[in-house]
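**Q** Predicted model and sequence below, questions to follow.
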Amino acid sequence: MNMNYERIKEKLEILADAAKYDVSCSSSGSKKTNKNKGLGDSSGMGICHSYTEDGRCVSLLKILLTNVCIFDCAYCVTRKSNDIKRAAFTVQEVVDLTINFYRRNYIEGLFLSSGIFKSPDATMERLIRVAKKLREEENFNGYIHLKSIPGASDELMQEAGLYADRLSVNIEIPTKAGLKLLAPDKDHKDFIQPMKAVQKSIQIYKSEKKLIKSTPIYAPAGQSTQMIVGATGESDRDIMYSANFFYNKFSMKRVYYSGYIPVAEDSRLPAIGTEVPMMRENRLYQTDWLLRFYGFDVREILNDTHQNLDMDIDPKLSWALRNLDQFPIDINRADKRMLARVPGIGMKSVGKILSARRYRKLNWEHLKAIGISMNRSKYFITCDSREFESRDLTSSKIKDLIMINSTSKYHKNFSNQLSLFS
Amino acid sequence: MTLTLLYDGSFNGLMTAIFIIYDHKVKLPIIAKASQEQKDLFGGTMDVITDAEKAERVWKRFTSLCSKNDSKQIYRAFLSEIIGIENTIYEFLKITFENQKAPSGDYGNTTVLKITQAAKMVGREKHRMEAFVRFHMIDEEIYYANVEPDFNVLPLIASHFKNRYADQKWVIYDLKRDFGISYDLNSVQEVQIEFDKPKSQRGILNTTVSEKGEEVVVSGSFRESENNYKDLWNQYFKSTNIKSRKNMKLHLQHVPKRYWKYLSEKV
């Protein structure tokens, strides 16, 4: 790489910093294998090559092509009215950085986004050029995640998927009203249109591939989106119903939730220095998992009577406490669906229980060895043992008993408040 | 009376030991590495001479009675090098031969659970090495990396790196076990390197390697331009962090301190 290294370093500082609020760092779900002894392979599971001090995975080289932007979205650090240093990579610089980082096993690939310079199409076209160059000139089979630029044409979105493993457009603000307030120059449908275009292409290419084997693969790792949490006044129900809509309507692979980090003094937004709502973000992710892997319907967890998630306990426990009439269940007889609904039993343990009970009836010892959380599960199950929770406990009593015996993430965050009463 | 069978530490050695247990109808066998011999006052010992043919007979019989996942787990458990794991492996094979079927998924059985847990630990370490290997280019256009994994995972990661870096030569060296794997654009081979620097000085910054072995020649010194890439990577790592979200507990859970010395961004 013959380039001005100091200058590149400076650009990297600005353009990695500006890209970091995009939380997605997934590098899994692609099917690209190494072709003709080229470089890279992304057929396996995702790999986190490092973790930042905030505990987030570093899997991809996540940068903006440029932080020059013609839009002025209040929640965004790159908005045009913000007085910050601006920079731009050339296409070749991004290609060189990606290849050289990849060869040293620093990264799984590239996550390229950009401020919108000139026009959405001009920006999207430049992003595509980087991906195309990596694939065609460098024979690169690593992971490429491109941002779908809101307002980009359907034709460009169709081309993007031929080189990228994943495409994403961040909806950022979960409701139309919120978007109008914070991003007056953006239109809700500008976000939806690229999602539609990508989804359509995914379906077309998939069905063609069934008939003609040589059909190229299109965005094999699918689409994702991101919502900012806590910038405007949405309830958890608003957020999760939106997420559910994207999962169902656009067959999203992932929806990400990003606790709002104040980046501007703006009367419409939480002040700079306001704490990032990390606990809330965590509870939203737990809910997301319950929908995708545990067979819950979003309406069971959030509805008119429960518009927000509990902060002190996880959403599955919260659901179980509201539905004590469905418990206790017999570990040796219950079906998979109900096993997955027991607080303290994860999907891995569900699999182990189903497998192990083909050999023998399971007792407390077995369950403990398998690794389920006894503190949380014991109020909801019976097994091959005479001892089980026989007191007729109320929901709030069970909650108290569980909280006393656990070190919840919640305790740490709220210890100051709790100590007032102890 | 117990009989301790001392084997050479290889997988074939272990399988030979199990062959002997059946062949000699040993009643109370204990299998141990010859290098870790513990004097048992009341029992006898026996040296196992590794025999690939005998080993294969045991392994073939076992794999005909178990699933692919079972045999994978047994091999991974073996690579954990946990003291006594040989006896758990023997126990697992014994159950399989007795029932004419492997006890797949019988997690209520301690032997099965132990194998699963050991295999899981090794699997995690394999994945960590796929993530934490950091190549730097040394002369001859070879990408070189030192590692010190908790378990012996180089045999498991070879194919991952071969598929990924098909067009570059690379060497990954396990300093703890003093052997490495080397890819020459065709195949992966095991290598041993004679370093001209003591172990403690073979850190990430100063890997000067000279080697007189047969398969691979790794010579020359660290390239200055390599520092630039390392520097760019470190800059990236710094810039992508969000200070207001700092969570060191989570950070350390993902990247335990013992791995830091080979991660330039953490040095």
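**A** Sure, I can see it.
**Q** in the stretch 101-250 of chain A, which spans are strands?
**A** Per DSSP state E, counting those that start in this stretch, the stretch 101-250 of chain A carries strands over the ranges A:109-113, A:143-147, A:166-168, A:223-229.
**Q** Tell me how many other residues surround the residue in the stretch 51-200 of chain A positioned nearest to chain B.
**A** Nearest to chain B, among the residues of the stretch 51-200 of chain A, is A:G55, at 3.0 Å (Cβ to the nearest Cβ). C-beta: built from backbone N, CA, C; applies to glycine. Look at A:G55: counted by other Cβ atoms under 10 Å in any protein chain shown, it has 18 neighbours.
**Q** Roughly how far does it sit from B:Q253?
**A** Distance, A:G55 to B:Q253, using Cβ to Cβ, to the nearest Å: 8 Å.
**Q** Ok, B:L14 next?
**A** Taking Cβ to Cβ, one finds B:L14 at 33 Å from B:Q253.
**Q** between those two, which one's more packed in?
**A** Ranked by neighbour count (other Cβ under 10 Å), B:L14 and B:Q253 place B:L14 first, with 27 against 11.
**Q** quick one: the more buried one and B:Y7 touch, right?
**A** Yes: using Cβ atoms under 8 Å, B:L14 is in contact with B:Y7, at 5.8 Å.
**Q** anything in contact with each of those two?
**A** B:31, B:86 (Cβ atoms under 8 Å, 6 or more residues apart in numbering or on different chains).
**Q** tell me the contacts of residue 50?
**A** Picking chain A for this. A:58, A:106, B:131-132, B:237, B:255, B:263, B:265-266.
**Q** switch to chain B, that's the one I care about
**A** B:7-8, B:10, B:12-13, B:16.
**Q** can you count the residues close to residue 182?
**A** Going with chain A. Neighbours around A:L182, by other Cβ under 10 Å: 22.
**Q** you looked at the wrong chain, it should be chain B
**A** Going by other Cβ under 10 Å, the residues that sit close to B:S182 add up to 23.
**Q** So in terms of bridging, what pairs with it?
**A** B:V171, B:Q189 (DSSP bridges).
**Q** That one reaches B:Q189, doesn't it?
**A** Yes: B:S182 is within contact range of B:Q189, at 5.5 Å (criterion: Cβ under 8 Å).
**Q** Skip the chain neighbours and tell me the closest residue to the residue most central in space within chain B.
**A** The centre of chain B sits closest to B:N152, judged by Cα atoms, centre = their mean, with a distance of 1.7 Å. Using Cβ to Cβ, 6 or more residues apart in numbering or on different chains and skipping residues adjacent in sequence, the residue nearest B:N152 is B:L79, 4.7 Å away.
**Q** who's in contact with that neighbour?
**A** B:122, B:151-153, B:155-156.
**Q** for the residues you listed, which one is nearest chain A?
**A** Using Cβ to the nearest Cβ, B:L156 comes nearest to chain A of these, at 12.7 Å.
**Q** how far away is the closest one from B:A119?
**A** 11 Å.
**Q** what's the overlap in contacts for the two?
**A** B:R76.
**Q** What number of residues are in the vicinity of the closest residue to chain A within the stretch 151-267 of chain B?
**A** Residue nearest to chain A within the stretch 151-267 of chain B: B:L250 (3.0 Å; Cβ to the nearest Cβ). B:L250 is flanked by 16 other residues according to other Cβ under 10 Å.
**Q** my read: B:I49 touches B:I20, true?
**A** No: at 9.4 Å, B:I49 does not count as touching B:I20 under the criterion of Cβ under 8 Å.
**Q** what sits against the closest residue to A:Y294 other than its chain neighbours?
**A** Excluding the flanking residues, the one nearest A:Y294 by Cβ to Cβ, 6+ apart is A:A340, at 4.8 Å. Contacts for A:A340 were tallied using Cβ under 8 Å, 6+ apart; they are A:294-295, A:347, A:350.
**Q** Are any of these buried, and if so which?
**A** A:294, A:350 (16 or more other Cβ atoms under 10 Å in any protein chain shown).
**Q** nearest to chain B, of the contacts of A:A340?
**A** Nearest to chain B among the contacts of A:A340, counting by Cβ to the nearest Cβ, is A:V350 at 11.9 Å.
**Q** Secondary structure element for the closest one, which one?
**A** If you go by DSSP states H and E, A:V350 is part of helix A:347-356.
**Q** Pull out the buried positions in that helix.
**A** A:349-353, A:355-356.
**Q** now stretch A:91-102
**A** A:91, A:93-102.
**Q** Over to stretch A:136-147?
**A** Those would be A:138-147, for stretch A:136-147 by 16+ other Cβ under 10 Å.
**Q** contacts with chain B among those, please.
**A** A:N139 (Cβ under 8 Å from any Cβ of the partner chain).
**Q** Next, format the buried residues of stretch A:136-147 as CSV and append distance to B:R177 and pLDDT.
**A** As requested, the buried residues of stretch A:136-147 are exported to CSV (distance: Cβ to Cβ, whole Å; pLDDT from 0 to 100):
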residue, distance to B:R177, pLDDT
A:E138, 35, 95
A:N139, 34, 94
A:F140, 33, 95
A:N141, 31, 94
A:G142, 29, 95
A:Y143, 31, 95
A:I144, 36, 96
A:H145, 37, 95
A:L146, 42, 96
A:K147, 44, 93
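**Q** Where does the nearest residue to B:D70 once chain neighbours are set aside sit: helix, strand or coil?
**A** Leaving out its chain neighbours, the residue that sits closest to B:D70 by Cβ to Cβ, 6+ apart is B:A102, at 4.7 Å. Of the three states, B:A102 takes coil under DSSP: H, G, I helix; E, B strand; the rest coil.
**Q** ok, now B:K261?
**A** Per three-state DSSP, B:K261 ends up helix.
**Q** so how many other residues sit close to it?
**A** Using other Cβ under 10 Å, B:K261 has 13 other residues around it.
**Q** In contact with B:I31, which residues?
**A** B:4-5, B:7, B:14, B:17-18, B:86-87, B:90.
**Q** swap the cut-off to 6 Å and go again
**A** B:5, B:17, B:86-87, B:90 (Cβ atoms under 6 Å, 6 or more residues apart in numbering or on different chains).
**Q** how is chain A carved up into domains?
**A** A:5-275, A:315-419 (automatic domain parsing).
**Q** same question, chain B
**A** Domains of chain B are assigned by automatic domain parsing as B:2-125, B:133-266.
**Q** Any idea which of those has the lowest pLDDT on average?
**A** With a mean of 82, domain B:133-266 has the lowest mean pLDDT of the domains of chain B.
**Q** related to what we said a few turns ago, between B:I49 and B:I20, who's got more neighbours?
**A** A count of neighbours by other Cβ under 10 Å puts B:I20 above the other of B:I49 and B:I20, at 22 against 10.
**Q** list the contacts for the more buried one?
**A** Neighbours of B:I20 in contact, by Cβ under 6 Å, 6+ apart: none.
**Q** got it, and B:R57?
**A** Counting by Cβ under 6 Å, 6+ apart, B:R57 has no contacts.
**Q** Am I right that the residue nearest to the centre of chain B falls within a strand?
**A** No: applying three-state DSSP, one finds B:N152 to be coil, outside a strand.
**Q** Can you list the residue ranges for helices in the stretch 1-150 of chain B?
**A** B:11-23, B:52-65, B:68-79, B:85-99, B:110-132 (DSSP state H, counting those that start in this stretch).
**Q** The last one relative to helix A:347-356, how many degrees between them?
**A** Between the axes of helix B:110-132 and helix A:347-356, defined by axes from the mean of the first three to the mean of the last three Cα atoms, to 10 degrees, the angle is 150 degrees.
**Q** What's the local residue count around the closest residue to B:Y183 other than its chain neighbours?
**A** Nearest in space to B:Y183, with sequence neighbours left out and distances taken as Cβ to Cβ, 6+ apart, is B:W170 at 5.2 Å. Counted with other Cβ under 10 Å, residues neighbouring B:W170 total 25.
**Q** Just checking the distance from the lengthiest helix in chain A to the centre of its chain.
**A** Looking across chain A with DSSP state H, the single longest helix is helix A:188-211. A distance of 20 Å separates the centroid of the chain from that of helix A:188-211, by Cα atoms, centre = their mean, to the nearest Å.
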